[in-house]
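Engineer: model this:
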Amino acid sequence: MTGIWQPSALAQDAPNLDSEDSQIAYAIGMNVGMNLVSQGLLDGLDSDIFLAGVTDSFDGDFSMTMDQMFAALEIFQQRQQELMEQQAAEAQRNAAEALAAGQEFLAENGGRGEVVTLDSGLQYEVLEAGPGGASPSASDGVVAHYHGTLIDGTVFDSSVDRGEPAQFMLSQVIPGWTEALQLMSVGDRWRLFLPADMAYGESSPTPAIPPNSVLIFDVELLEIVE
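Structural biologist: Got it, this is the predicted structure:
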């Protein structure tokens, strides 16, 4: 966010925060300011004039009438509405582009001889076969190591990097994991290629995973927890 706070506007002595009341007052101002900045509501506005409006509200000596205030706020709301519409349109374009890129990737990836493509669209590659044995059911829990990336190689999550395997119920994870892990045996290490609709689709849980992303996971099944 650019042009919100000019250094001159904040170039003042640090406030005295020795009392509880001063700490409360500063905390309220800090919280309000952080919220406004994080939402981008002050982008392009003059910080000195904004702070003057806050200061004037304490003694009621305003430089505009209430009607003028409401008229200005209406313009502000219109700008915010236009911005949200632009952001929504951009998000739709990005999601469509991600979906197309993912479909192209899977089509090419599925042509590799070592990759198996299931009816669901899920693809996997066996990196290392374990000794064989039982496979988990959809109602089981498992302990597994995983390393997740986007198709461009960007890492978005990794139990391997954290050095701690994850435990979870197969009924409570994304569809691609539920299907793939039931096909694996303890000791297997597979690379999973999840179409967007078997991962998070358009509803990404984190900015690290753009909507409609194909996800790639290296998964090692360590244990079945019944």
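Engineer: C-alpha from now on. contacts and neighbour counts both.
Structural biologist: Fine.
Engineer: what separation do you get for Q78 and L41?
Structural biologist: 12 Å (CA to CA, to the nearest Å).
Engineer: the two: which is more packed in?
Structural biologist: L41 (16 against 12; other CA atoms under 10 Å).
Engineer: next one: that one, what pLDDT does it get?
Structural biologist: If you check L41, the pLDDT there is 82.
Engineer: name the SS class of the nearest residue to it once chain neighbours are set aside, please.
Structural biologist: Of all residues not flanking L41 in the chain, Q80 sits nearest, at 8.0 Å (CA to CA, 6 or more residues apart in numbering). At Q80 the chain is in helix, as set by DSSP: H, G, I helix; E, B strand; the rest coil.
Engineer: over to A144?
Structural biologist: Three-state call for A144 (three-state DSSP): strand.
Engineer: quick check: it touching A166?
Structural biologist: Yes - contact between A144 and A166 holds when scored by CA atoms under 8 Å: they sit 5.5 Å apart.
Engineer: who's more crowded, these two?
Structural biologist: With neighbours defined as other CA under 10 Å, A144 and A166 compare such that A144 has more, 22 against 15.
Engineer: per-residue pLDDT, that one?
Structural biologist: Looking at A144, its pLDDT is 97.
Engineer: now do E220
Structural biologist: 97.
Engineer: secondary structure class for it?
Structural biologist: Assignment for E220 (three-state DSSP): strand.
Engineer: and the nearest residue to it once chain neighbours are set aside, what does it touch?
Structural biologist: Ranked by CA to CA, 6+ apart and with sequence neighbours excluded, the top spatial neighbour of E220 is R189, at 4.2 Å. Applying CA atoms under 8 Å, 6 or more residues apart in numbering to R189 gives the contacts V126, L127, E128, A129, G130, D218, V219, E220, L221.
Engineer: at 6 Å instead, please
Structural biologist: R189 sits next to L127, E128, V219, E220 when contact means CA atoms under 6 Å, 6 or more residues apart in numbering.
Engineer: report the beta-bridge partners for it.
Structural biologist: E128, E220 (DSSP bridges).
Engineer: any idea how far it lies from F62?
Structural biologist: R189 is 68 Å from F62, by CA to CA.
Engineer: please apply the same query to D188.
Structural biologist: In terms of CA to CA, D188 sits 71 Å off from F62.
Engineer: next: A196.
Structural biologist: 54 Å.
Engineer: which one of these two has more residues nearby?
Structural biologist: A196 (23 against 15).
Engineer: pull the distance from the helix or strand containing I24 to the chain's centre.
Structural biologist: Using DSSP states H and E, I24 falls within helix 20-38. Centroid displacement of helix 20-38 relative to its chain, using CA atoms, centre = their mean, to the nearest Å, is 26 Å.
Engineer: buried ones in it?
Structural biologist: Neighbour counts over helix 20-38 (16 or more other CA atoms under 10 Å) mark no residue as buried.
Engineer: neighbouring contacts of that helix?
Structural biologist: By CA under 6 Å, 6+ apart, helix 20-38 touches L17.
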